[in-house]
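Visitor: Sequence and predicted structure are below.
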Amino acid sequence: MRRRRSRVPHTRPAGAPNPAPAPSTFIGLDALDAFSYHQRTNVTCPFCANHCNRTVITFADGAAFVTGNRCPRGQIVGDPKDPATRSALKTADGQAKVGENLFEARQKLLFQDWPIEQVTPDRGVIIGIPRVLAFWDTMPFWNALLRSLGFAIRLSRPSTRAMFEEGLPQVASDTICFPAKLVHGHIHELARAGVDRVFMPIITTVPSENTASTSISMCAVVKGYPMVVKSSDDPAKHWGIPFDSPLFHWYSTEDRDRQLVDYLEGTFGIPADQAYVPSGRRTKPSARSKRC
């Protein structure tokens, strides 16, 4: 027996007015016979120092369509010195400022001092943290943990070209990724700032955030680079600044809590009951699942 199917004739909400139709840009069937275009690839955008590559498609009537651009400026085709082009750039910049800059918002959320409950008195120790690699994901955790235990936090400044070039002599491999090469300049910057210690842990494994079995493993460069810094920069030898790079294997939150308690107690003499308070629990973690 065949079943009759019916479709809702309108997808708009009940009672909503019909939207005004958008004006069509279709050139018409008759014009398609003479339709032609020219495509240029890898066209450099001249409107900022990034010099991004674009694809520009020019039509027979002189109109142009740009694809592959990475910002509103890239949609513009013309001489940067031409008044009409400069006017179009000004309009594009205004449109770009309408929305929120999500990169700036993310940076603010990551590196601001969130409210904490300080559970121990001030220790008079400034811990330097380089604004690099995994700290772009985990900084709120470390900031809250260390400040709640009475430490002062000193972040290195945002990356600059001068900072990058200062650290180049310590780069051990030219083939390492650019974010890793930046690390050395940040270490130098913290040393000049007069921090008491530099903190850069080695975290090999974290609890999975999805169903992929491989997602528990950190990037090989991210988890291994503290060892490179300890060898090439050696803050303790060159500046007399202890370089703390504890090794953590966090297969679970229980592993994380237990290993952090062991590190804080062994390095700073913080009792386990105090070290465990910032995590919101008041009991010492068990010895179960000791994997390291």
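Guide: Yep, that arrived.

Visitor: contacting residues around the residue most central in space within the chain?
Guide: The structure's the chain has its C-alpha centroid closest to Trp136; by CA atoms, centre = their mean the separation is 5.1 Å. Trp136 makes contacts with Leu110, as judged by CB atoms under 8 Å, 6 or more residues apart in numbering. For every residue, glycine as well, the C-beta is placed using N, CA and C.

Visitor: Please read off the pLDDT at it from the model.
Guide: Confidence at Trp136, expressed as pLDDT, is 93.

Visitor: ditto for Arg5
Guide: Looking at Arg5, its pLDDT stands at 50.

Visitor: Please apply the same query to Glu189.
Guide: If you check Glu189, the pLDDT there is 95.

Visitor: Could you measure from it over to Ser159?
Guide: 10 Å (CB to CB, to the nearest Å).

Visitor: give me the element the residue nearest to the centre of the chain is part of.
Guide: In the assignment (DSSP states H and E), Trp136 maps to helix 135-148.

Visitor: Name every strand pairing with the helix or strand following that helix and say which way it goes.
Guide: As assigned by DSSP H and E, the chain's next helix or strand after helix 135-148 is strand 152-155. Under the criterion DSSP bridges, strand 152-155 sits next to strand 126-129 (parallel) in its sheet.

Visitor: Alpha carbons only: can I get the partner strand in PDB?
Guide: Extracted C-alpha coordinates of strand 126-129, given in PDB (Å, rounded to 0.1, in the frame of the first residue of the first chain):
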ATOM      1  CA  ILE A 126      57.400  35.300  41.200                       C
ATOM      2  CA  ILE A 127      56.900  32.500  38.800                       C
ATOM      3  CA  GLY A 128      57.500  33.400  35.200                       C
ATOM      4  CA  ILE A 129      55.400  31.800  32.500                       C
END
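
Visitor: Determine how far it lies from the middle of the whole chain.
Guide: Centroid separation between strand 126-129 and its chain, computed with CA atoms, centre = their mean, to the nearest Å, is 20 Å.

Visitor: all numbers from here: first residue = 26
Guide: Understood, numbering begins at 26; the last thing we discussed is strand 151-154.

Visitor: Now do the strands in the protein.
Guide: Remark: strands assigned in the chain by DSSP state E are 62-69, 78-84, 89-92, 151-154, 177-180, 222-224, 227-230, 268-269, 272-274.

Visitor: Out of these, which one sits most buried?
Guide: The highest mean neighbour count among these, using mean count of other CB atoms under 10 Å, belongs to strand 222-224: a mean of 23.

Visitor: Check which helices and strands the lowest-mean-pLDDT helix or strand in the chain sits against.
Guide: One helix or strand of the chain scores below all others by mean pLDDT, DSSP states H and E: helix 297-300, with a mean of 83. Under the contact criterion of 3 or more CB pairs under 8 Å, 6 or more residues apart in numbering; DSSP states H and E, helix 297-300 touches helix 278-293.

Visitor: list the helices and strands the helix it packs on packs on?
Guide: When contacts are defined as 3+ CB pairs under 8 Å, 6+ apart, helix 278-293 packs onto strand 272-274, helix 297-300.

Visitor: among these, which is nearest Pro194?
Guide: With CB to CB as the measure, strand 272-274 is the member of those nearest Pro194 (26.9 Å).

Visitor: Which residue lies closest in space to Gln64, excluding its sequence neighbours?
Guide: Distances taken as CB to CB, 6 or more residues apart in numbering put Ile82 closest to Gln64, at 5.0 Å, once the chain neighbours are dropped.
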